[in-house]
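> I need the structure of the sequence given here:
(2 chains)
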Amino acid sequence: MGVSSKLGNMGVVTTTVEQAVNWARTGAMWPLLFGLACCAIEYMSSQASSYDLSRFGMELNRATPRQADLLIVSGRLTRKMAPVVRQLYDQMAEPKWVISMGDCASCGGVYNNYAIVQGVDEIIPVDVYIAGCPPRPEQLLHGILTLHEKVRSERIADWA
Amino acid sequence: MAVATPPQSIEEQRRWEGNLDQLRGLVSERAITGETMLLNMGPHHPSTHGVLRLLLELDGEQIVSCLPDVGFLHTGIEKSLEDKSYEKALPLTDRMDYLSPMSNNMAYAAAVEKLLDLDVPERGQVIRVVCLELARCASHLVWLGTHAIDMGAMSVLLYAFRERERILGMFEMLSGQRMMSSYIRPGGVWRDVTDDFLPTIKQFLNDFPAKVDDYEALLTQNPIWKDRAQGVGVIEPDVALAYGLTGPALRGSGVNWDLRKAQPYSGYETYDFNVPLGEHGDVYDRYLIRIQEFRESMKILNQAVERLERVKGPYRSENRKYCPPLRSELGQSMEAVIHHFKLWTYGYDAPDDEIYNAIESPRGEIGCYIHGTGANKPRRVHFKTPSFIHISALPVMSKGYLLADMVAIIGSVDIVLGDCDR
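All right, here's what the predicted structure looks like:
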């Protein structure tokens, strides 16, 4: 059966709770089905056939923040939209992570004007920033893998 | 109309109910008394194609009225354009209708050309047509995938994006960027097509018609698809005209209006293609029209690629007061260095005049109004965008249909909120 037949008679695998939980968290990190602007289209490209985020256990986008682990802020965040994004973030259950995708979400990008929040980190904490206008799907994948590295290095003490 | 977050406490609930007065006249009296239900759809909703908020008044499942609330993606692009020289403003236009940036580039570049009275060489025009039609296909592919996913057909998106990746790959060959290409510029295009572009696009033109057949096989005669789409979101031709609908949303009602035919630009009058028209003005007809537009775009592309091989010469105007010199000239000509420096620091002066120029984007008529000042920056730039107008027609399209039809109607008018809010 499955693993045992491939590994041979190895008996017991030992690990720590930390490692096991972190491994599970990186394996099925469900993103919120949420997009703001241009970057959301590249995010859709990443989800679609050529790049296929399901390789990372992320094919399941949840439309409700209650079931999502990862908020990918994809696109420019306007002042009118900012309270909505904050509310979505607040509604997500712990543990939760945020990726700021693209220049606009990271720092306002080319829009330094009255309408755009100069970086989503003004309203919610961000784990990984991805540069690009818009970032290529490869860049998004790199950002996600960077987030996985971060999650794998989390300690029990941080979970509380 | 004031935007309010849903009430979180009883206190807020009372204040929220007080706000109902603001809705008087916008929703029916039955909603004020609580007989019908007010339901928020968006701005975070998977089927609003972006950050659109609709306030729906429901009688059971039936939509009594619909109030669109836009501006969640208002980026201040038009205001930002006033602070940039004409050439430097172009990359901002990419990010309005982010599904077909080439069309925005074209609308803006053509308007600047009209203001400056600048001619585009023939090869530049042919390359533009290639880009615009590829952009039409790329945009329609996203529409097809998301529209189908809204209606419950999950797999179409995967097929549609497979082909879209190839188109984005071609844009990358041309401009170095997949989406925000800034390739079409006042006076022509940024640079000539690369050597590997022609074989790639020929291969694509060879493969793509069969793929369109695949999409049709999935949807066109699918009984569930027909049930969801036929007779839903009907808009009569005179109403569609009165609301100012353009593009496939208007042609779905049978009105023959396509700017490529009505006011040809970039040499569209010399291409042989048809304008598909609908009969019933429902979701299904708008779907059929976009599918047929794939095929018409293929027709245009085949002719354009053939011309691209034949027509040689400059791809951008050689009027050095407006268009920068080639990099290769910079090492040899002092004149070229001066022009280069002037254009990339100050830009150029445009007359104190106002012009309007419209083109047919995948969504409909995208028009650009520019009011020059006589100096290097415009006094005012305004874009007339199809999404804004299509959203304003959502109330009349959705009235009397079921809540579940709303997502079909939103998908069928193909809105992009970046295009609407700018």
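> Helices of chain A, residue ranges please.
For chain A, the helices defined by DSSP state H occupy A:2-7, A:17-27, A:38-47, A:82-91, A:103-107, A:137-152, A:156-159.
> how about the helices in the stretch 201-350 of chain B?
B:223-229, B:237-243, B:248-251, B:259-262, B:283-310, B:327-330, B:334-345 (DSSP state H, counting those that start in this stretch).
> Mind listing what's buried along the fourth one?
Taking 16 or more other CB atoms under 10 Å in any protein chain shown as the basis for neighbour counts, the residues of helix B:259-262 that come out buried are B:259, B:260. Glycine gets a C-beta too; all of them are placed from N, C-alpha and C.
> tell me the average confidence for it?
Averaged across helix B:259-262, the pLDDT comes to 90.
> try stretch B:196-212
Here the average pLDDT along stretch B:196-212 is 92.
> Ok, stretch B:369-385 next?
pLDDT averaged over stretch B:369-385 gives 91.
> for chain A, what helix or strand is lowest in average pLDDT?
Scoring the helices and strands of chain A by mean pLDDT, DSSP states H and E places helix A:2-7 at the bottom, with a mean of 60.
> Lowest average pLDDT across the helices of chain A?
helix A:2-7 has the lowest average pLDDT among these, namely a mean of 60.
> that older thread, of the helices of chain A, give the one that comes closest to chain B.
Set against chain B and scored by CB to the nearest CB, these come closest in helix A:38-47, at 3.7 Å.
> Format the CA atom coordinates belonging to the closest one as CSV.
Taking C-alpha atoms only, helix A:38-47 is exported to CSV below (Å, rounded to 0.1, in the frame of the first residue of the first chain):
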residue,chain,number,x,y,z
CYS,A,38,-4.8,43.9,-13.1
CYS,A,39,-2.8,41.6,-10.8
ALA,A,40,-5.9,39.6,-10.2
ILE,A,41,-5.8,38.6,-13.9
GLU,A,42,-2.3,37.3,-13.5
TYR,A,43,-3.4,35.6,-10.4
MET,A,44,-6.1,33.9,-12.5
SER,A,45,-3.4,32.9,-15.0
SER,A,46,-1.5,31.3,-12.2
GLN,A,47,-4.6,29.4,-11.2
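> Any regions of chain B where pLDDT drops low?
Chain B contains residues with pLDDT under 70 at B:1-20.
> any chance of the helices of chain A in a markdown table, plus mean neighbour count and distance to residue B:266?
What follows is these, written out as a markdown table (neighbours: other CB atoms under 10 Å in any protein chain shown; distance: least, CB to CB, whole Å):
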| stretch | mean neighbour count | distance to residue B:266 |
| --- | --- | --- |
| helix A:2-7 | 8 | 60 |
| helix A:17-27 | 14 | 50 |
| helix A:38-47 | 25 | 25 |
| helix A:82-91 | 16 | 40 |
| helix A:103-107 | 24 | 31 |
| helix A:137-152 | 17 | 31 |
| helix A:156-159 | 10 | 58 |
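> between the ones you listed, which gets nearest to residue B:259?
helix A:38-47 (24.6 Å; CB to CB).
> how far out from the middle of the chain is that closest one?
13 Å (CA atoms, centre = their mean, to the nearest Å).
> tell me which strands and helices it is in contact with?
Applying 3 or more CB pairs under 8 Å, 6 or more residues apart in numbering or on different chains; DSSP states H and E, one finds that helix A:38-47 makes contact with strand A:70-74, strand A:97-101, helix A:137-152, helix B:122-150, helix B:156-175.
> got the angle for it vs strand A:97-101?
If you take axes from the mean of the first three to the mean of the last three CA atoms, to 10 degrees, helix A:38-47 sits at 110 degrees to strand A:97-101.
> Any idea how many residues pack against the closest residue to residue B:240 other than its chain neighbours?
Nearest non-adjacent residue to residue B:240, counting by CB to CB, 6 or more residues apart in numbering or on different chains: residue B:253, 4.5 Å away. As a burial measure, residue B:253 scores 23 neighbours (other CB atoms under 10 Å in any protein chain shown).
> what residues are up against residue B:253?
Counting by CB atoms under 8 Å, 6 or more residues apart in numbering or on different chains, residue B:253 touches B:235, B:236, B:237, B:240, B:245, B:278, B:281, B:285.
> one step back: may I see the helices of the stretch 201-350 of chain B arranged in TSV, with distance to residue B:359 as well?
Output for the helices of the stretch 201-350 of chain B, formatted as TSV (distance: least, CB to CB, whole Å):
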stretch	distance to residue B:359
helix B:223-229	28
helix B:237-243	19
helix B:248-251	15
helix B:259-262	6
helix B:283-310	14
helix B:327-330	29
helix B:334-345	25
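> ok, the residue positioned nearest the centre of chain A - contacts?
Taking CA atoms, centre = their mean, the centroid of chain A lies closest to residue A:70, which sits 4.2 Å from it. By CB under 8 Å, 6+ apart, the contact set of residue A:70 is A:29, A:30, A:31, A:32, A:58, A:96, A:97, A:98, A:99, A:147.
> gap between the residue lying closest to the fourth one once chain neighbours are set aside and chain B?
In space, residue A:32 comes closest to residue A:68 once its chain neighbours are excluded; the distance is 3.8 Å by CB to CB, 6+ apart. Residue A:68 sits 11 Å away from chain B, taking CB to the nearest CB, to the nearest Å as the criterion.
> before we move on, back to that, list buried residues within the contacts of residue B:253.
B:235, B:237, B:240, B:245, B:278, B:281, B:285.
> Let me know whether the fourth one touches residue B:389 as I believe.
In this case it means residue B:245. Yes. Residue B:245 lies in contact with residue B:389 (CB atoms under 8 Å); the separation is 6.3 Å.
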